[in-house]
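In: The following comprises the amino acid sequence and a computationally predicted model.
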Amino acid sequence: MMTSLFSIFEPSSSIFSLSINWLSTFVGLLFIPYLYWAAPSRWALVWSKIMQLLHNEFQAILGQATKGSTILFISLFSFIMFNNTLGLLPYVFTSSSHLAMTLTLALPLWLTFILFGWINHTQHMLAHMVPQGTPGLLMPFMVLVETLSNIIRPGTLAVRLAANMIAGHLLLTLLGNMGPSLSLTLVSFLMLAQILLLMLESAVAMIQSYVFAVLSTLYASEVN
């Protein structure tokens, strides 16, 4: 039962032994050309407004010293949101529900921030290991705690995104499998529950992409 349930998340579709499910990761690129029309559409104006709001917020976190770097985190937010929302469509593979993708996004970012901080701001990174006012006896313990918290950051980023995406999909699948065994009246309530849950999943898809981008921005701000 559990094997067949989780099999819906496996990249099993293939042509000539080449997995094609992961191609859904790049479907979001099809939306980009609409931003460059001569006459901006309403979608382009809304998206530009969202990008401006994100730029202002990321700039406030990073500070003026890293001006221009917000495009990295805006692109990260856009990429994850496209994959999360497109994964809600029928027969579209949700790549963001796999640790293979989420960890690929989180680990290089975290490793880059850590290397940049230790190479360019060594004293600041060492001072960050011990919070101000820590008693001398607790300093070794605090260094150990801070080190562990830094090491698990890419894992928590990846697991948070993948777990939130896969949980909603599992619930939708479980409720959908109950349909054939229910009466017509209960099926009506089931459809209503599915619609409400799909609305919730749409909000979760956008919120999780925002959380991933904001946490990445906070981690980057700590090494400056």
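Out: It's in. Numbers count the residues shown, from 1 in each chain.
In: For the chain, give me the ranges with low pLDDT.
Out: For the chain, the stretches flagged by pLDDT under 70 are 1-22, 28, 31-40, 64-67, 224.
In: Check which helices and strands whichever helix or strand W43 is part of is in contact with.
Out: Assigned by DSSP states H and E, W43 belongs to helix 42-62. Counting contacts by 3 or more Cβ pairs under 8 Å, 6 or more residues apart in numbering; DSSP states H and E, helix 42-62 packs against helix 70-86, helix 184-221. Using the backbone N, CA and C atoms, a C-beta is placed for each residue, glycine as well.
In: would you put the C-alpha positions of the shortest one in PDB?
Out: Written as PDB, here are the backbone C-alpha positions of helix 70-86 (Å, rounded to 0.1, in the frame of the first residue of the first chain):
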ATOM      1  CA  THR A  70      19.000  40.300  -4.700                       C
ATOM      2  CA  ILE A  71      18.500  39.100  -8.300                       C
ATOM      3  CA  LEU A  72      20.000  35.700  -7.100                       C
ATOM      4  CA  PHE A  73      17.300  35.300  -4.400                       C
ATOM      5  CA  ILE A  74      14.500  36.600  -6.600                       C
ATOM      6  CA  SER A  75      15.500  34.100  -9.300                       C
ATOM      7  CA  LEU A  76      15.500  31.400  -6.600                       C
ATOM      8  CA  PHE A  77      12.100  32.400  -5.400                       C
ATOM      9  CA  SER A  78      10.700  32.400  -9.000                       C
ATOM     10  CA  PHE A  79      12.200  29.000  -9.900                       C
ATOM     11  CA  ILE A  80      10.800  27.300  -6.800                       C
ATOM     12  CA  MET A  81       7.400  28.900  -7.000                       C
ATOM     13  CA  PHE A  82       7.000  27.900 -10.700                       C
ATOM     14  CA  ASN A  83       7.800  24.300  -9.800                       C
ATOM     15  CA  ASN A  84       5.600  24.200  -6.700                       C
ATOM     16  CA  THR A  85       2.500  25.700  -8.500                       C
ATOM     17  CA  LEU A  86       3.000  23.700 -11.700                       C
END
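In: Please work out which residues outside it touch it.
Out: With contact meaning Cβ atoms under 8 Å, 6 or more residues apart in numbering, helix 70-86 is reached by 24-25, 27-28, 31, 51, 54-55, 58-59, 62, 92, 94-96, 101, 105, 109, 161, 165, 202, 204-206, 208-210, 212-213, 216-217, 220.
In: again, 6 Å this time
Out: Helix 70-86 is contacted by residues 25, 27-28, 51, 54-55, 58-59, 92, 95-96, 205-206, 209, 212-213, 216-217 when judged by Cβ atoms under 6 Å, 6 or more residues apart in numbering.
In: Quick check on those: which are buried?
Out: Taking 16 or more other Cβ atoms under 10 Å as the criterion, what is buried in those is 25, 27-28, 51, 54, 58-59, 95-96, 205, 209, 212-213, 216-217.
In: From those, pick the one nearest F113.
Out: For these, the residue nearest F113 by Cβ to Cβ is S216; the value is 8.4 Å.
In: Leaving out the residues flanking it, which one is nearest to the closest one?
Out: In space, and not counting its chain neighbours, S216 is closest to L109: 5.5 Å by Cβ to Cβ, 6 or more residues apart in numbering.
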